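kindly generate the corresponding structure for this input.
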Amino acid sequence: MSWERIWEMIRKELKQSLREPKMRATLFAPPLIQLLVFGYAVSLDVDYAKIAWMDLDRSTESRELREQFTSTGRFEIVRWLENETDTQDTLDHSEVMAVVRILPGFAADLARGREVAVQVLVDGSNSNTANIVATQAATVIRQFAQAHLEELGRQKLVGRAVDRPLRAPLPTLTVAPRVWFNPDLKSRNYFVPGVIVNIIMLVTLSLTSMAIVREKEIGTMEQLMVTPLRPMELILGKTLPFAAIGLVQLFVITAVAMLLFDVPLRGNPLLLVLASICFLGCSLGAGLFISTISNTQQQAMMTTFFFFQPAFMLSGFSFPIRNMPEVVQWITYVNPMRYFMEVVRGIFLKGVGLEVLWPQILALAVLGVSILTASALRFHKRLD
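Predicted structure coming up:
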């Protein structure tokens, strides 16, 4: 094996890739689009919700509850409803995310210390948004009820203290939740690290498959075969440039995530590079395999799409793997994107090290060596 010939092949491949319009588009368009979409547009956060208010009690207490909703800054009352027909029409036209209904007898039941129900009708067409809005509304109602019960209890204790002084204060229970790793619950911190996985996979997979197929399509593969280049030198010369491109994109996207989107990098950057190299073996091997079953660049692009899309959906990028059917969960164990997604989010958000992530990195290394070896053997056979 001659590294001088490999280096000349790498130089030729880089020049040809940067000169080819399709390759340049594949190199720059996906990272830019995904960063903009997942950094700015895509968000699971619900910081502001429009609601409708239906007050059938019309009491001082119901007005206090309404003021507590509006004072949070998370809710805006945009419609006032009078009957069930208005409620149905409002939800049907998606004018609000939820309708809060105060039933008759609300104030009287509060004064007697009875159980009081406030109905919150949530538009469930978007399950994630509905769950967040319902939780936020329930929190406001619970806080209002807690404050009212405490005030009612103080009034009763004052009446009792006239006859018999209290010797000790009543015990209280306070719940203080704390969110680790992503305290502000920003969707951006969850999505942007995952974009690194998608971009490296998509770009290196597409470039590797199309670069080799392009030689077949324009008829230069035969010329390469009669040169002194050996099959393994040809494979390295075709794949190493895109491995370098993948690492460059890793550094660029990481810098953009930290500087532009303020995503924290709490772990070891060198561990991220190590995991990326193992993952590149998987993506380059898959691209090499696609090149052996494609005769044109269009076929390579379509095959890449059919390979990438299921891997992306089963990577845990948007949907937790533990929520998938058990059979599908078993399938994800042969998906390299699953392991790299866990590594990237673990390093960015949790700051964990090799002592925690070694199973995922080992799985990436095993899959990378296996896929790359099998694809190289098949490519070598096609050349023979």
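
in this structure, which spans are helices?
Ranges of helices in the chain, per DSSP state H, are 3-19, 21-36, 60-71, 84-92, 106-112, 127-161, 187-217, 221-225, 231-259, 269-292, 297-313, 326-331, 336-345, 354-383.

contact partners of the second one?
Think helix 21-36. Residues outside helix 21-36 that contact it (C-beta atoms under 8 Å, 6 or more residues apart in numbering) are 16-18, 192, 195, 198-199, 202-203, 206-207, 210-211, 245, 249, 252-253, 256, 297. Backbone N, C-alpha and C define where each C-beta goes, glycine included.

does V122 really touch V133, like I thought?
Yes. If you go by C-beta atoms under 8 Å, V122 and V133 touch, sitting 5.7 Å apart.

find residues that contact each of these two.
97-98.

next, count neighbours for V263.
22 (other C-beta atoms under 10 Å).

hang on, it packs against N189?
Yes. V263 lies in contact with N189 (C-beta under 8 Å); the separation is 5.4 Å.

what sits in contact with each of the two?
Common neighbours of V263 and N189 (C-beta under 8 Å, 6+ apart) are F348.

the nearest residue to Q297 once chain neighbours are set aside - how many residues pack around it?
The shortest distance from Q297 to any non-neighbouring residue, by C-beta to C-beta, 6 or more residues apart in numbering, is to M210 (5.0 Å). Neighbour count for M210, taken as other C-beta under 10 Å: 26.

hang on, M210 packs against Q298?
No. M210 lies out of contact with Q298 (C-beta under 8 Å); the separation is 9.5 Å.

hmm, back to that, pLDDT wise, what is the residue nearest to Q297 at?
Looking at M210, its pLDDT reads 81.

what about it, distance to T220?
14 Å (C-beta to C-beta, to the nearest Å).

again with K350
Counting by C-beta to C-beta, the gap from K350 to T220 is 48 Å.

so for those two, which residue has more residues nearby?
The neighbour comparison of K350 against T220 (other C-beta under 10 Å) goes to K350, with 15 against 12.

if we can go back for a sec, pick the most buried one from the helices of the chain.
helix 336-345 (a mean of 25; mean count of other C-beta atoms under 10 Å).

report the helix or strand with the lowest average pLDDT across this structure.
helix 221-225 (a mean of 67; mean pLDDT, DSSP states H and E).

which residues touch E95?
50, 52, 78-79.

what of R378?
289, 292.

same check on Q136?
Contacts of Q136 by C-beta under 8 Å, 6+ apart are 46, 49, 72, 74-75.

sketch out the low-pLDDT regions of the stretch 251-384 of the chain for me.
Applying pLDDT under 70 to the stretch 251-384 of the chain flags residues 380-384.

got the phi/psi numbers for I218?
phi -90, psi 0 (degrees, to the nearest 10).
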